[in-house]
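A.B. asks: prediction below, plus the sequence it came from.
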Amino acid sequence: MIADKSRAWWRATMALCLGSFLVFINLYVPQPLLPELKAVYDVSTLGVSLLMSVATLSLALALLVFGPLSDAIGRESIMRITLLLAGGLSLALAFAPNFESLLLLRLLQGFLLGGLPAVAIAWMGDAFEKPALLSAVGLYIGANSLGGISGRIVGGAASGIGGPQAAFIAVGVMTLVGCALFWRLLPNSRTFVPQRFQLRRALADLLGHLRTPVLLAAYCLGGINFLIFINQYSYITFRLAAEPYQLAASGLGLIFLTYLGGTFGSTVSGRLAQRFSPATCMMAGVVILMAGTAVTLSESLALIIVGLTINAFGFFMAHSLASSWVGRYAQGARGSASALYLVFYYVGASLGGFWLELFWQGASWSGVAWGSWILLSITLMITLGMRRFEQRQGS
């Protein structure tokens, strides 16, 4: 087992953080382009938002495949091959002839992007000692946010130079170069014990996780929080592209620098959890996300940015601790347990547009805020239940 902060720990953690970074630059590159793509293809706000929704939905479905499969054939080959193919599809997106083909390519890309997230935390659970796991997960989740920031900034900047096509080419090239480094850095796990893949057993493992309340709570927490968080960013681009802000794609890309609040939130989450307990910190994360949403109601662009930064801190703090919660309490089939968390996570993201669209059409951004608070009140109740569980366990 790899010890915390050892040389092997740093190398493995750097590899997985790089892989995570590459996944999320690909997943989120279209987001600052949504207003521009809406005009180019003459589709509705809900229609163009499908570029995000179909990718996150197919990613979620892929987790059901790659998670159990990794328990049988190993984790490393799945992460390496799917990442390479996803980068190639980014290049293909640049040459999509129409909106329908663009959607289809995003559907395929989302599925391939699910390979690394499905198994990365399970890989860490196999290879790392428990203290090393908590530290590594925080950095890994931090790389998620850095990838999300970079995809949007690079996409927005490249689009300002050469349109959406240039954005997809830039991210595709970055991915293929980074993938070569990822292949070199990632070590093979020495503690992995393969299990022969059996569909009945895989389904039984998934059902077993769903019947475990302590895991189901984390699944619902991650899914509902992400439903709100990621789709707020989609709707804020429509708000800021319109009067009185009129931000171009490059400016909208810079809005996603607020994700740096999430990078900080995820990296400090482990230390805070050791002091106050994971469930208490997850509860605080939800409250912070609700408070940040209130700040975004301001008409001041500066305060909107502050509110989004607060949101990112609270969301990623709760998300990183919910992820490690699954690794801590899953009993067997850790790959499918971690994958199921991400299934809830990305299904939530894919459904969020349908939920928030109702509030956006009714009351614009203030409606989005109210739609967010309704669901976040549910996750706040979930964290209260998780805290009671911790107190009963004496943890």
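C.D. replies: Noted; the coordinates are in hand.

A.B. asks: mean confidence for stretch 30-38?
C.D. replies: Mean pLDDT, stretch 30-38: 87.

A.B. asks: ok, stretch 325-343 next?
C.D. replies: What stretch 325-343 shows for mean pLDDT is 79.

A.B. asks: and the end-to-end length of it?
C.D. replies: 16 Å (CA to CA, to the nearest Å).

A.B. asks: from the middle of its chain, how far away would stretch 351-361 be?
C.D. replies: Distance of stretch 351-361 from the chain centroid (CA atoms, centre = their mean, to the nearest Å) equals 19 Å.

A.B. asks: same deal with stretch 369-377?
C.D. replies: Taking mean C-alpha positions (CA atoms, centre = their mean), stretch 369-377 and its chain are 20 Å apart.

A.B. asks: what pLDDT, on average, does it get?
C.D. replies: On average, stretch 369-377 scores 96.

A.B. asks: kindly report the same for stretch 253-268.
C.D. replies: What stretch 253-268 shows for mean pLDDT is 84.

A.B. asks: residue ranges with poor pLDDT in this structure?
C.D. replies: The model of the chain has pLDDT under 70 over residues 189-195, 197, 335, 394-395.

A.B. asks: so who does the residue most central in space within it touch?
C.D. replies: Against the mean C-alpha coordinate of the chain, by CA atoms, centre = their mean, the closest residue is Asn144 at 6.3 Å. Contact analysis of Asn144 by CB atoms under 8 Å, 6 or more residues apart in numbering lists 20-21, 23-24, 266, 316. Placement of C-beta: from N, CA and C, glycine included.

A.B. asks: could you do Val287 as well?
C.D. replies: Taking CB under 8 Å, 6+ apart, we find Val287 in contact with 314, 380.

A.B. asks: and it, how far is that from Ser324?
C.D. replies: Using CB to CB, to the nearest Å, Val287 is found at 20 Å from Ser324.

A.B. asks: ok, Leu103 next?
C.D. replies: Leu103 is 34 Å from Ser324, where distance means CB to CB.

A.B. asks: the two: which has the busier surroundings?
C.D. replies: For the pair Leu103 and Ser324, the greater number of neighbours falls to Ser324 (28 against 17), based on other CB atoms under 10 Å.

A.B. asks: element containing the more buried one, please.
C.D. replies: For Ser324, the host element (DSSP states H and E) is helix 301-329.

A.B. asks: counting by contacts, list what whichever helix or strand comes after that helix packs against.
C.D. replies: Next along the chain after helix 301-329, taking DSSP H and E as the criterion, comes helix 334-393. Helices and strands touching helix 334-393, by 3 or more CB pairs under 8 Å, 6 or more residues apart in numbering; DSSP states H and E, are helix 45-73, helix 115-127, helix 199-210, helix 213-241, helix 278-295, helix 301-329.

A.B. asks: returning to that earlier point: in strands, which of the contacts of Asn144 fall?
C.D. replies: When DSSP state E defines the strands, the subset of the contacts of Asn144 inside them is empty.

A.B. asks: contacts only, for the nearest residue to Cys17 once chain neighbours are set aside.
C.D. replies: Spatial nearest neighbour of Cys17, chain neighbours left out: Ala143 (3.7 Å); criterion: CB to CB, 6 or more residues apart in numbering. Ala143 sits next to 16-18, 20-21, 24 when contact means CB under 8 Å, 6+ apart.

A.B. asks: so how far is Leu113 from Leu176?
C.D. replies: For Leu176, the distance to Leu113 (CB to CB) stands at 14 Å.

A.B. asks: the more surrounded of the two?
C.D. replies: Leu113 (29 against 17).

A.B. asks: OK, contacts around the more buried one?
C.D. replies: Counted by CB under 8 Å, 6+ apart, Leu113 has contacts 23, 26-27, 55, 59, 62, 82, 86.

A.B. asks: before we move on, the earlier item: Gly156: which of the contacts of Ala143 is nearest?
C.D. replies: Nearest to Gly156 out of the contacts of Ala143 is Phe24 (CB to CB; 15.2 Å).

A.B. asks: ok, how many other residues are close to the closest one?
C.D. replies: A total of 24 residues lie near Phe24 under the criterion other CB under 10 Å.

A.B. asks: which residues touch the residue nearest to it when sequence neighbours are not counted?
C.D. replies: Spatial nearest neighbour of Phe24, chain neighbours left out: Gly147 (3.0 Å); criterion: CB to CB, 6+ apart. Neighbouring residues of Gly147 by CB under 8 Å, 6+ apart: 20-25, 27-28.

A.B. asks: same check on Trp360?
C.D. replies: Neighbours of Trp360 in contact, by CB under 8 Å, 6+ apart: 45, 235, 238, 367-368.

A.B. asks: then Ser6?
C.D. replies: By CB under 8 Å, 6+ apart, the neighbours of Ser6 are Ala132.

A.B. asks: now it: how far from Phe128?
C.D. replies: As defined by CB to CB, Ser6 lies at a distance of 10 Å from Phe128.

A.B. asks: cool, and Tyr341?
C.D. replies: Shown here: Tyr341 relative to Phe128, a distance of 18 Å by CB to CB.

A.B. asks: and what of Arg7?
C.D. replies: Noted for Arg7: a distance of 14 Å to Phe128, by CB to CB.
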